[in-house]
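**Q** Coordinates only, no sequence provided:
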């Protein structure tokens with residue numbers, strides 16, 4: 001029985017990480033799979049979240065295509081873009097990582113608190129992650145999206161019929177996503193690459 005995770009082109013569990021460097025193309029493919037997760041939440045309110053994630057993926061992919069020899073992993077992509085005094089893909093990666101951190105936090109709270117509904121876990125996750133970066137104009141849009149979350153049982157049913165398989169895959173996917181987000185944030189902090197973005 002196929003699950004949501006079986007249908008993705010690439011999972012975060014399959015993204016190569018060598019010496020803490022994350023492969024750019026596989027990372028982007030896995031992220032595109034994550035963006036589809038918001039379709040399962042079944043509300044047009046999440047379009048704003050998806051469009052934000054997609055826009056940032058596009059910025060990174062454009063850089064990868066323009067300079068493939070310098071962009072095979074995310075870290076080199078940022079370092080080489082900085083050397084050219086450019087910031088578009090770096091800014092895209094920073095904001096994309098914030099969106100991924102929010103998604104990871106929301107799913108972590110959902111997995112760790114089986115009695116809580118998604119409205120609660122996603123709202124709490126937003127408060128702990130993206131909220132601090134958003135202006136008073138953007139916050140209400142995201143808060144509205146959180147309120148549009150479906151019931152937990154309906155969401156999990158959409159992930160797949162075999163709930164045991166879904167939970168196993170979700171936990172593996174989530175752990176890999178959390179690891180990748182932690183590596184990216186550590187890299188940004190270490191090199192102060194997010195300054196002014």
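**A** Sure thing, it's come through. All values reported here derive from a predicted model rather than from experimental measurement.

**Q** quick one: low-confidence ranges for the protein?
**A** For the chain, no stretch is flagged by pLDDT under 70.

**Q** again, only this time at 90
**A** 1, 42-49, 130-131, 133-148, 195-197 (pLDDT under 90).

**Q** now the strands: where do they sit in it?
**A** Applying DSSP state E to the chain gives strands spanning 17-18, 21-22.

**Q** Would you map the helices across the protein?
**A** Taking DSSP state H as the test, the helices found in the chain are 24-37, 47-66, 74-83, 88-112, 118-128, 139-147, 152-159, 163-191.

**Q** Can you tell me which residue is spatially central in the protein?
**A** Geometric centre of the chain, nearest residue: residue 100, 2.3 Å, by CA atoms, centre = their mean.

**Q** excluding its backbone neighbours, what's nearest that one?
**A** residue 181 (5.2 Å; CB to CB, 6 or more residues apart in numbering). Quick note: C-beta positions are derived from backbone N, CA and C, even for glycine.

**Q** What distance do you get for residue 50 to residue 73?
**A** 25 Å (CB to CB, to the nearest Å).

**Q** repeat for residue 146
**A** If you go by CB to CB, the gap between residue 146 and residue 73 works out to 33 Å.

**Q** again with residue 167
**A** As judged by CB to CB, residue 167 and residue 73 stand 31 Å apart.

**Q** When those two are compared, which one has more neighbours?
**A** Comparing residue 167 with residue 73 by other CB atoms under 10 Å, the one with more neighbours is residue 73, at 21 against 16.

**Q** beta partners for that one?
**A** Beta-bridge pairing of residue 73, defined through DSSP bridges, involves residue 23.

**Q** Hmm, residue 26 and it touching each other?
**A** No: if you go by CB atoms under 8 Å, residue 73 and residue 26 don't touch, sitting 9.8 Å apart.

**Q** follow-up on the earlier one: for the residue nearest to residue 100, give its distance to residue 6.
**A** Relative to residue 6, residue 181 is positioned 23 Å away (CB to CB).

**Q** Can you get me a residue count around residue 184?
**A** Using other CB under 10 Å: residue 184 sits among 24 other residues.

**Q** Not counting residues beside it along the chain, what's closest to residue 174?
**A** The shortest distance from residue 174 to any non-neighbouring residue, by CB to CB, 6+ apart, is to residue 107 (5.3 Å).
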